[in-house]
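Visitor: model this:
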Amino acid sequence: MQTFLKIDEFCKLVHLEREVIEGMIERGVLNTKTEEDGEIYIEASQGTMSIVPTTSSNLSVNMNALPGESFVEKTIGTILNLHEKVLDAKDETLDVLRNENKFLKEALYSMQELYDEDRKTIDTLTAQLKHSQEEIEFLKRKYKLMWNKAVENFNG
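Guide: Numbers count the residues shown, from 1 in each chain. Alright, predicted model coming up:
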């Protein structure tokens, strides 16, 4: 999963100037994307790995380039900050999923209630239909007997 940060946030996170980061972007060291609003986003985990030196000669150069805190302290700080952001994003995602599950559960209960009500209505209508059919059959027999009696009386 890729996490993209705005270029300014990334600069704060890695404790480097924006110009240095832009130079790295131009060299193709950092994975970036540009949104419609013109804001540049940098892929966080790949970006921090690109900043960490791979050889000891780079380490000594970078240590001299960074005044104040040592490079290792800044790297650890960067990793911790990224870890906190990942944990916050994870918690936010879990909250969203819990709310979505709660909504789906309530929708399922609602659908079940509607299904039960519809089933009761169908049962009631089926019983009424059966009763009406029995009544129609009874009336057919009654009128047939009455007309047969009337024809016998007329003929007889």
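Visitor: can you confirm residue 33 is in a strand?
Guide: Yes. Counting by DSSP: H, G, I helix; E, B strand; the rest coil, residue 33 falls inside a strand.
Visitor: Count the neighbours of it for me.
Guide: Here the count is done by other Cβ atoms under 10 Å, and residue 33 has 11 residues near it. For every residue, glycine as well, the C-beta is placed using N, CA and C.
Visitor: Return the helix or strand harbouring residue 20 as PDB; C-alpha atoms alone will do.
Guide: Under the criterion of DSSP states H and E, residue 20 resides in helix 18-27. Below are the C-alpha coordinates for helix 18-27, written out as PDB (Å, rounded to 0.1, in the frame of the first residue of the first chain):
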ATOM      1  CA  ARG A  18      12.400  21.800  -0.300                       C
ATOM      2  CA  GLU A  19      15.100  22.500  -2.900                       C
ATOM      3  CA  VAL A  20      17.000  19.300  -2.000                       C
ATOM      4  CA  ILE A  21      13.800  17.300  -2.300                       C
ATOM      5  CA  GLU A  22      13.000  18.900  -5.700                       C
ATOM      6  CA  GLY A  23      16.500  18.100  -6.900                       C
ATOM      7  CA  MET A  24      15.900  14.500  -5.900                       C
ATOM      8  CA  ILE A  25      12.600  14.500  -7.800                       C
ATOM      9  CA  GLU A  26      14.300  15.800 -10.900                       C
ATOM     10  CA  ARG A  27      16.900  13.100 -10.700                       C
END
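Visitor: what's next to that helix, contact-wise?
Guide: Applying Cβ atoms under 8 Å, 6 or more residues apart in numbering, the contact partners of helix 18-27 are 7-8, 10-11, 14, 30, 32, 40, 42, 50-51.
Visitor: avg pLDDT for that helix?
Guide: Here the mean pLDDT over helix 18-27 is 84, rounded to a whole number.
Visitor: buried set for it?
Guide: By neighbour count with 16 or more other Cβ atoms under 10 Å, helix 18-27 contains the buried residues 21, 24-25.
Visitor: average model confidence for stretch 105-123?
Guide: Mean pLDDT, taken over the full extent of stretch 105-123, equals 96.
Visitor: same question, stretch 3-15
Guide: Taken as a whole, stretch 3-15 has an average pLDDT of 81.
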